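Student: Kindly return the folded structure for what I paste below:
(one chain, ligands or ions: 1)
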Amino acid sequence: MSLLDHTHNPDALSFVATANLAEADFPLQNLPYGLFRRAGSNESARVGIAIGDQILDLRLAASAGRWSSAVQVLLQPLADGDLNSFMAQTAAKRRLLRHALFDALAEGSKQQPALTACLLPQAQAQMAVPCRIGDYTDFYTGIHHATTVGKLFRPDNPLLPNYKWVPIGYHGRSSSIGVGGLGSTVRRPLGQLMPPGAEAPVRAACKRLDHELELGLFVAGGNPLGEPIPMTEADEQMFGVTLLNDWSARDMQGWEYQPLGPFLAKNFATTISPWIVSMDALEPFRIAFAHPASDPQPLPYLDSDKNRSEGGYEIELEVWLQTETMRAAGEPATRLMRSNFKHAYWTLAQMLTHHASNGCNLQPGDLLGTGTQSGPEAIEGGSMLELSMGGKQSLSLPTARPAASWPTATASACMPMPLGKAPAASGLANARPRWSPRRCCNNVVKWGGF
Ligand code: MN
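Tutor: All right, here's what the predicted structure looks like:
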């Protein structure tokens, strides 16, 4: 059953004028959740909704707006800065709030005078990690990434035989998850490196600090210990999506990763976007999903009619780079690559169901990374590791600056997330595709120097 409704109408406009611009990151149809305080203040953080270049402050809106009693109950934890409690609500209740906010922020809303006073320009907000992330798991669903990276490490055997049967993942670290944004810095880690040809490792600063372009899925209600989440209930347990940068120290990784997988090469930093786009907002971007006919088909516990008919999501992804030199010269960021989440080998629902399939309990606010989302072409690599073929190939930036295979200068990676257009199946095929924000999940981070 389609969950598309009037909140997905691409022609709907907001009384916040910047939400109606053709290239708006945060149109009325998006309404993502973030945690913020006014920059420079020591106020307690509260949840806000991005709309145009503004944030609707839900603490102010909870008292100034006119809401039904059911909506008022949902707003209270958000006003107190507690997104997790809201994430744990049923999908129907989460949708109820989306509808209330959509109506309240729409053009012609009676709430306009009251809510205008609850808006803060995003430029004046300091964003924080949007919820309490108890556990973080990183999957490996980008088959093109897995194949390219596998070739670098194992030329004869790039894709291990389990890949097409099991959604591969590992447990990450939540304490070092930070929020991306201008001014956010990742410190280049120290670690054990085994220089090529050397007989003993050295401890030094990582020289191959890399990014990984991923989506992050936030868990909604979750499941009690011992009780799996079947595929038919997976959608209910998905709250929303963010962009995730899985910072990776490649030289440390190459030395330490066997036999137990990623450790210090990954856990020094993970950055996510300040905004979580709800699954409801992503409803128009669903697509059919299937493994190629020549591949193993998912085992029954990872299969469902809905997953086949609309388990995929068509989400365009990009990585942009602006080096320190470029910034100093006033040159804009340049796009490093472009890909699409539709290439993922496993769906969000399959990741969530597989994770809980042994009875492992997922909790509200848990974060599941999708793994690096590279496209099928070599130029669509979602990391420097791929784009530079393990450092063997130089990357040319279009600005004619000296090519850098591994940026050693301070740089920033920015991942805009254009969300495509309303597909024909939405019944809005002839409508103007307004829902194409360029940076609705912006994830900008400065790479710290030595
Ligand atoms: Mn990763």
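Student: tally of neighbours for P224?
Tutor: 10 (other Cβ atoms under 10 Å). Heads up, the C-betas are built off the backbone N, CA and C, glycines and all.
Student: Wait, S278 touches A91, no?
Tutor: No: with contact defined as Cβ atoms under 8 Å, S278 does not count as touching A91 (9.7 Å).
Student: So which bits of stretch 295-304 are buried?
Tutor: Of all the residues in stretch 295-304, those buried under the rule 16 or more other Cβ atoms under 10 Å are P298, L302, S304.
Student: correct me, but the second one touches T353?
Tutor: Yes: checked against Cβ under 8 Å, the pair L302 and T353 is within contact range at 6.3 Å.
Student: overlap in contacts of the two?
Tutor: Common neighbours of L302 and T353, using Cβ atoms under 8 Å, 6 or more residues apart in numbering, are M231.
Student: how about L78, what does it touch?
Tutor: Contacts for L78 (Cβ under 8 Å, 6+ apart) come out as Y33, R46, V47, L58, R59, A62, F86.
Student: hmm, 6 Å instead?
Tutor: By Cβ atoms under 6 Å, 6 or more residues apart in numbering, the residues touching L78 are V47, L58, F86.
Student: Which residue, neighbours along the chain excluded, lies closest to it?
Tutor: V47 (3.9 Å; Cβ to Cβ, 6 or more residues apart in numbering).
Student: CA-only coordinates of the helix or strand where that neighbour lies in PDB, if you can.
Tutor: Using DSSP states H and E, the element containing V47 is strand 46-51. The C-alpha trace of strand 46-51 is given here as PDB (Å, rounded to 0.1, in the frame of the first residue of the first chain):
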ATOM      1  CA  ARG A  46      16.200  21.300  21.400                       C
ATOM      2  CA  VAL A  47      14.900  19.600  18.200                       C
ATOM      3  CA  GLY A  48      14.200  21.700  15.200                       C
ATOM      4  CA  ILE A  49      12.800  21.200  11.700                       C
ATOM      5  CA  ALA A  50      14.700  22.600   8.700                       C
ATOM      6  CA  ILE A  51      12.500  24.700   6.400                       C
END
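Student: Now do the helix or strand following that strand: everything it contacts.
Tutor: Heading C-terminal from strand 46-51, the first helix or strand you meet, by DSSP H and E, is strand 54-57. Residues from elsewhere that reach strand 54-57 (Cβ under 6 Å, 6+ apart): V16, G48, I49, C118, L119, L120, P121, Q122, A125.
Student: separation between the fifth one and M351?
Tutor: Just to be clear, that refers to L119. From L119 across to M351, the span is 36 Å (Cβ to Cβ, to the nearest Å).
Student: Looking at these two, which is more packed in?
Tutor: M351 (25 against 20).
Student: does any bit of the helix or strand harbouring the more buried one sit next to the ion?
Tutor: Assigned by DSSP H and E, M351 falls within helix 348-356. No: on the criterion Cβ under 5 Å from the ion, helix 348-356 is out of touch with the ion, staying 12.8 Å away.
Student: Let's verify the residue nearest to P189 when sequence neighbours are not counted: helix, strand, or coil?
Tutor: In space, and not counting its chain neighbours, P189 is closest to F268: 4.3 Å by Cβ to Cβ, 6+ apart. Of the three states, F268 takes coil under DSSP: H, G, I helix; E, B strand; the rest coil.
Student: Helices of this structure, residue ranges please.
Tutor: Ranges of helices within the chain are 58-64, 69-79, 83-87, 91-105, 112-116, 143-153, 231-234, 250-256, 305-310, 324-328, 348-356, 384-387, based on DSSP state H.
Student: which of the residues in the fifth one are buried?
Tutor: Under the neighbour-count criterion of 16+ other Cβ under 10 Å, helix 112-116 has A114, L115 buried.
Student: Would you pull up how far that helix lies from the middle of the chain?
Tutor: 31 Å (Cα atoms, centre = their mean, to the nearest Å).
Student: Could you do the last one as well?
Tutor: When distances are taken as Cα atoms, centre = their mean, helix 384-387 is centred 20 Å away from the chain's centroid.
Student: ok so, going back, the residue nearest to L78 and L83 touch, don't they?
Tutor: Yes: the criterion here is Cβ atoms under 6 Å, and V47 meets it with L83 at 5.3 Å.
Student: The ion contacts on the protein?
Tutor: Checking the chain against the ion by Cβ under 5 Å from the ion, the hits are D138, E212, D246.
Student: 8 Å - rerun?
Tutor: Within the chain, the positions near the ion by Cβ under 8 Å from the ion are D138, Y140, E212, E214, D246, S248, P262, K266, G369, G371, T372.
Student: residues touching L299, list them.
Tutor: Going by Cβ under 6 Å, 6+ apart, L299 touches no other residue.
Student: Please read the previous query as pertaining to M194.
Tutor: M194 neighbours (Cβ under 6 Å, 6+ apart): P201, W255.
Student: again, only using 8 Å
Tutor: With Cβ under 8 Å, 6+ apart, M194 has these contacts: A200, P201, D251, G254, W255.
Student: So what does the residue of the chain most remote from its centre look like in phi/psi?
Tutor: Ranked by distance from the centre of the chain (Cα atoms, centre = their mean), the top residue is E199, with 39.8 Å. The phi/psi pair for E199 (degrees, to the nearest 10) reads phi -100, psi -20.
Student: Next one: it, what pLDDT does it get?
Tutor: At E199, the model reports a pLDDT of 96.
Student: before we move on, what about the one 4 residues further on?
Tutor: Turning to R203, the model gives it a pLDDT of 95.
Student: how many neighbours does it have?
Tutor: Considering only other Cβ under 10 Å, R203 is surrounded by 8 other residues.
Student: Beta-bridge partners for it, please?
Tutor: Note on R203: beta-bridge partners Q192, judged by DSSP bridges.
Student: Q192 is in contact with that one, correct?
Tutor: Yes: between R203 and Q192 there is a contact at 5.8 Å, judged by Cβ under 8 Å.
Student: Could you chop the chain up by domain?
Tutor: According to automatic domain parsing, the chain comprises the domains 6-128, 136-447.
Student: Out of those, point me to the one whose mean pLDDT is lowest.
Tutor: Ranked by mean pLDDT, the domains of the chain end with domain 136-447 at the bottom, a mean of 82.
Student: Where does the stretch 151-300 of the chain get nearest to the ion, residue-wise?
Tutor: Proximity to the ion, evaluated over the stretch 151-300 of the chain using Cβ to the ion, is greatest for D246 at 3.5 Å.
Student: ok, that residue - contacts?
Tutor: Contacts of D246 (Cβ under 8 Å, 6+ apart): D138, G172, H211, E212, E214, K266, T270, G369, T372.
Student: If we ignore the residues flanking it in sequence, what's nearest it?
Tutor: E212 (3.9 Å).
Student: That neighbour and N245 touch, don't they?
Tutor: Yes: contact status for E212 versus N245: in contact at 6.5 Å, counting by Cβ under 8 Å.
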